[in-house]
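*Asks:* Fold the following and give me the result.
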Amino acid sequence: MGILDRLTGTRRPEDGVEPRPAEELRNALLGLSRPDVPYVIRDGAPEGADLVAEWRIAEPAWQTFFVGSQLTHAIRIRMRLAEESHEVRAVEEQWEVTRVGNPPRLRTSAAYGRGSGRTVSRRWTLERGEDGRPRTTETSSFDSAELTGPLRNTALTSGWTWRGVLFGKL
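*Replies:* Here you go, the predicted structure:
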């Protein structure tokens, strides 16, 4: 793996893995979107992509999760399935989000970034244990790898390269 591959987050499938047809990969990626996960994967035609994966920030059922996890960045991944080269070309876009109002809700700001990255947020509380000594307990956690990991791994196990795109078109 070269330095550019590291910067873009590009990964290649293991040797000997036969690439599956594009439609089969598309269905596998869409199948990752379930009601119990904090992201949705959908058709990306309106955004100029084959598929789009993004956090469920706007959905009322998930708002308390994102507010409670102290999320500071929203992430959207636009994907193009390049059939001729068996590559999933992926653009990861990030926006800063802030909490406003009471009850708090998330609002996106004007700050925008593009490229692979990882956002991890953990929230801890300090309390006394049964022995009377202080201890910390994790009350919430958030990791953007919960979105990128399943997408990338599905592409790799399907015999496709996951190629991060920093510059230019998808």
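*Asks:* Compute the number of surrounding residues for residue 2.
*Replies:* 8 (other CB atoms under 10 Å). (Glycine included, C-beta is placed from N, CA and C.)
*Asks:* Numbering from 8 from now on, please.
*Replies:* Renumbered: residue one is now 8, and that last one reads residue 9.
*Asks:* From residue 20, how far off is it?
*Replies:* Look at residue 9 and residue 20: by CB to CB, to the nearest Å, they are 17 Å apart.
*Asks:* Then residue 169?
*Replies:* From residue 169 to residue 20 the distance is 9 Å (CB to CB).
*Asks:* shared neighbours, the two?
*Replies:* 162, 163 (CB atoms under 8 Å, 6 or more residues apart in numbering).
*Asks:* Settle it for me: which of those two has more neighbours?
*Replies:* The neighbour comparison of residue 169 against residue 20 (other CB under 10 Å) goes to residue 169, with 23 against 17.
*Asks:* Quick check: bridge partners of that one?
*Replies:* Beta bridges link residue 169 to residue 18, residue 95, judged by DSSP bridges.
*Asks:* packing partners for the longest helix anywhere in the chain?
*Replies:* In the chain, taking DSSP state H as the definition, the longest helix is helix 152-164. Judged by 3 or more CB pairs under 8 Å, 6 or more residues apart in numbering; DSSP states H and E, the packing partners of helix 152-164 are helix 29-37, strand 46-50, strand 58-62, strand 80-89, strand 94-107, strand 168-171.
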